[in-house]
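J.: Here is the input, now give the coordinates:
(one chain, ligands or ions: 1)
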Amino acid sequence: MEKKQKRSSFSGGIGFVMAAAGSAVGLGNIWRFPYLAAKDGGGVFLLVYVILAVTFGFTLLTTEIAIGRKTRQGPLTAYSRIHKKFGFIGFLGFLVPVIILPYYCAIGGWVFKYLSLYVTNTQDIAVADEYFSSYITGFPEPVIWMLIYFAITAVIIILGVNKGIERYSKILMPILVVMVIVIAVFSMTLSYTDADGVTRTGLEGLGHYFIPDFSGMTIQDFLIVVMDAMGQLFFSISVAMGIMVAYGSYMPKETNMQKSVNHIEIFDTGIALLAGMMIIPAVFVFAGLDGMSAGPGLIFVSLPKVFDAMGIAGKVLGPLFFIVLAFAAITSSISIMEAIVSSLMDKFHWSRLKSSLIVCVYAAIMGVIVCLGYNYLYFEQALPNGTVGQILDVMDFLSNNWLMPLVGLLTSILIGWVVKPDMIIEEVTQGKVRFKRKGLYIVMIKFVVPILLFILLLQSFGLF
Ligand code: PHE
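T.: Okay, the predicted model is just below:
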């Protein structure tokens with residue numbers, strides 16, 4: 001009975017879009033997107049990402065939401081309802097948030113640490129280049145902040161008040177957008193002359209971000225960009241991990257699914273693009289093209305410099321920015337944890353408390369291991385996308401470059417070839433809605449998605 005009520009709890013399109021956006025917009029947009037874009041040469045990455053968003057993003061979001069709405073099931077059971085033999089896709093999808101949760105909390109902890117610096121007006125130390133790496137390689141502070149961040153996520157899930165929290169998204173997300181725009185505009189006005197007497201400006205940096213430069217790029221390099229952009233797309237719009245299936249299962253039949261998909265995509269991609277405009281010109285100005293490959297630390301190294309250059313305005317914007325970023329991160333991590341907890345509840349019929357506590361023990365232990373990856377457990381692992389990573393990067397690569405493309409590939413085979421796209425099209429056109437991109441959808445789900453994901457998977461396994 002309770003389940004029935006829960007299954008229709010979104011108040012139409014807006015309720016759905018807000019919840020899905022709360023899950024989608026998070027560290028992926030502000031932290032992950034800019035550092036990948038910078039690493040992969042700005043413009044080329046941007047172009048590839050946007051093309052993938054309107055093709056792959058649209059196809060996979062539509063598919064997953066439709067599967068959820070059609071079956072009215074969470075991911076662990078939805079796929080087997082569609083086809084008995086394909087239930088394991090739900091299980092593979094379930095593993096994705098299991099891998100992401102601990103390292104997401106580690107980054108959430110970094111955000112909290114920076115927030116604490118800004119609210120106590122001690123942010124000046126963070127302007128120095130080496131501050132970030134000395135912080136994360138330290139002990140025990142990163143562990144403590146990770147645990148604080150995780151505890152907040154966990155308490156929200158245990159009390160079951162996530163819906164209430166997500167409601168604040170309506171107010172805070174627009175604030176986030178405005179702040180990112182203000183910071184982006186400021187970034188473009190920056191200019192800096194380094195020790196060699198070279199002056200670099202924010203506008204030049206913006207050029208690197210927007211203008212694709214294919215010169216000197218090999219096919220191999222280009223495939224790496226596509227692989228990075230694809231992994232980022234999956235991560236950012238929260239597909240290929242069952243979350244959108246679960247959200248779809250709560251979506252009322254009369255909601256226009258296409259509109260919702262468009263809104264989520266525009267919102268999520270828009271924020272990512274803006275975040276790049278805020279970070280990349282600043283990185284270029286202060287660190288030049290060489291500084292672009294800084295990796296996961298990028299925003300933590302460059303944003304303090306931007307706020308510092310802003311003077312008084314930075315003292316106000318800095319703390320505000322980290323508050324809103326922390327909020328956006330929390331709304332995403334509660335959706336990650338909720339995905340695991342609700343799957344355990346569905347599967348084993350455990351109570352919310354029991355499922356949550358088990359996830360807590362797991363995530364706390366794994367979270368500590370991720371933090372220790374920068375000191376006691378330090379190693380250097382070369383990854384197929386040309387980077388060298390620690391535990392966090394390896395887990396990130398595993399979920400976004402292996403598991404998610406695999407889930408996407410299997411889903412496209414199931415829908416494109418086994419049960420046929422008509423099943424999804426029927427669900428999208430409920431209530432006599434016209435499916436405007438039906439032709440694109442069919443070509444994508446049958447041919448483009450499986451073929452490209454297959455190629456990218458081979459590449460992610462380092463096979464070429
Ligand atoms: N999409 C979220 C972000 O961009 C992260 C996320 C990953 C959320 C996996 C849910 C599941 O930060």
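J.: Which single residue of this protein ends up nearest the ligand?
T.: With CB to the nearest ligand atom, the shortest gap between the chain and the ligand falls at Gly28, namely 2.2 Å. Quick note: C-beta positions are derived from backbone N, CA and C, even for glycine.
J.: and that residue, what is it in contact with?
T.: Gly28 makes contact with Gln232, Phe235, Ser236, Ala272, Ser332, according to CB atoms under 8 Å, 6 or more residues apart in numbering.
J.: Model confidence at the third one, what's the number?
T.: Same thing as Ser236. Model confidence at Ser236, expressed as pLDDT, equals 96.
J.: what residues are up against it?
T.: Going by CB under 8 Å, 6+ apart, Ser236 touches Ala24, Gly28, Asn29, Arg32, Phe33, Asp268, Thr269, Ala272.
J.: cutoff 7 Å now
T.: If you count contacts by CB atoms under 7 Å, 6 or more residues apart in numbering, Ser236 has them with Ala24, Gly28, Asn29, Phe33, Asp268, Ala272.
J.: ok, now the second one?
T.: Counting by CB under 7 Å, 6+ apart, Phe235 makes contact with Gly28, Arg32, Asn400.
J.: Out of the contacts of Ser236, which two sit at the greatest distance?
T.: Checking the contacts of Ser236 against each other with CB to CB, the farthest-apart pair comes out as Ala24 and Phe33, at 11.9 Å.
J.: still on that earlier bit, out of the contacts of Phe235, who's nearest Tyr250?
T.: Nearest to Tyr250 among the contacts of Phe235: Gly28, at 22.1 Å, using CB to CB.
J.: Once you drop chain neighbours, what's closest to Glu166?
T.: The shortest distance from Glu166 to any residue that is not its chain neighbour, by CB to CB, 6 or more residues apart in numbering, is 4.4 Å, and that residue is Gly22.
J.: Please apply the same query to Val119.
T.: Of all residues not flanking Val119 in the chain, Pro319 sits nearest, at 5.0 Å (CB to CB, 6+ apart).
J.: I'd say the one you found and Thr120 touch.
T.: No - using CB atoms under 7 Å, Pro319 is not in contact with Thr120, being 9.2 Å away.
J.: Looking at these two, which has the bigger crowd around it?
T.: Pro319 (20 against 9; other CB atoms under 10 Å).
J.: which bits of the stretch 251-400 of the chain sit near the ligand?
T.: Counting by CB under 6 Å from any ligand atom, the residues of the stretch 251-400 of the chain lying close to the ligand are Ser332, Ser335, Ile336.
J.: Can you say which of these are buried?
T.: Neighbour-count burial within those applies to Ser332, Ser335, Ile336; the criterion is 16 or more other CB atoms under 10 Å.
J.: In strands only, show me those.
T.: Judged by DSSP state E, these include no members of strands.
J.: all helices of the stretch 101-250 of the chain, in order?
T.: If DSSP state H, counting those that start in this stretch is used as the criterion, the helices of the stretch 101-250 of the chain fall at 131-136, 141-159, 162-167, 169-189, 202-210, 219-236, 243-249.
J.: mean pLDDT lowest for which of the ones you listed?
T.: When these are ranked by mean pLDDT, helix 162-167 comes last with a mean of 77.
J.: From the chain's centroid, how far away is that one?
T.: What separates the centre of helix 162-167 from the centre of its chain is 19 Å, taken as CA atoms, centre = their mean, to the nearest Å.
J.: moving C-terminal of the longest helix anywhere in the chain, what's the next helix or strand?
T.: With residue count as the measure and DSSP state H as the assignment, the chain has helix 312-348 as its longest helix. Heading C-terminal from helix 312-348, the first helix or strand you meet, by DSSP states H and E, is helix 352-372.
J.: about what we covered before: could you provide the buried ones among the residues of the stretch 251-400 of the chain next to the ligand in TSV, with additional columns for pLDDT?
T.: Supplementary listing: these in TSV, determined by pLDDT from 0 to 100:
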residue	pLDDT
Ser332	94
Ser335	92
Ile336	94
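J.: Relative to Thr63, which of those is nearest.
T.: When those are compared for distance to Thr63 (CB to CB), Ser335 wins out at 18.8 Å.
J.: residues contacting that closest one?
T.: Taking CB under 7 Å, 6+ apart as the definition, contacts of Ser335 comprise Gly22, Ser23, Ser238, Ile243.
J.: which one of these has the most neighbours?
T.: Ser238 (30 neighbours).
J.: If we only consider the contacts of Gly28, which is nearest to Trp145?
T.: Ser332 (17.1 Å).
J.: Would you agree the closest one is in contact with Gly26?
T.: Yes - A contact is recorded between Ser332 and Gly26 when judged using CB under 7 Å, the distance being 3.0 Å.
J.: contacting residues for the residue nearest to Val119?
T.: With CB under 7 Å, 6+ apart as the criterion, the residues that contact Pro319 are Leu115, Tyr118, Val119.
J.: just Val245 next, same as before
T.: Applying CB under 7 Å, 6+ apart as the definition, the contact partners of Val245 turn out to be Glu64, Ile67, Gly68, Gly74, Pro75, Ala78.
J.: So which residues on the stretch 101-250 of the chain come close to the ligand?
T.: Within the stretch 101-250 of the chain, the positions near the ligand by CB under 6 Å from any ligand atom are Phe235, Ser236, Ser238, Met241, Ile243.
J.: My read is that the fourth one contacts Pro97, right?
T.: Put plainly, it is Met241. Yes - the pair Met241 and Pro97 qualifies as a contact (CB under 7 Å) at a distance of 5.5 Å.
J.: And those two? Which one has more around it.
T.: Neighbour comparison, Met241 and Pro97: the larger count goes to Met241, with 29 against 25 (by other CB under 10 Å).
J.: any idea how far that one lies from Ile82?
T.: As for Met241, its distance to Ile82 is 17 Å (criterion: CB to CB, to the nearest Å).
J.: can you check Leu317 too?
T.: Here Leu317 is placed at a distance of 48 Å from Ile82 (CB to CB).
J.: got it, and Lys39?
T.: Separation of Lys39 from Ile82 (CB to CB): 37 Å.
J.: same check, this time on Met337
T.: Met337 sits at a distance of 26 Å from Ile82 (criterion: CB to CB).
J.: Quick check on these two: which one has the bigger neighbour count.
T.: Per other CB under 10 Å, whichever of Met337 and Ile82 has more neighbours is Met337, with 27 against 21.
J.: Let me know how buried the closest residue to the more buried one other than its chain neighbours is, in neighbour terms.
T.: Beyond its immediate neighbours in the sequence, the residue positioned closest to Met337 (CB to CB, 6+ apart) is Ile157, lying 5.0 Å away. Ile157 has 25 neighbours, counted by other CB under 10 Å.
J.: same thing with the one 3 residues further on?
T.: Using other CB under 10 Å, Gly160 has 13 neighbouring residues.
J.: What of Val127?
T.: Using other CB under 10 Å as the criterion, Val127 is surrounded by 16 other residues.
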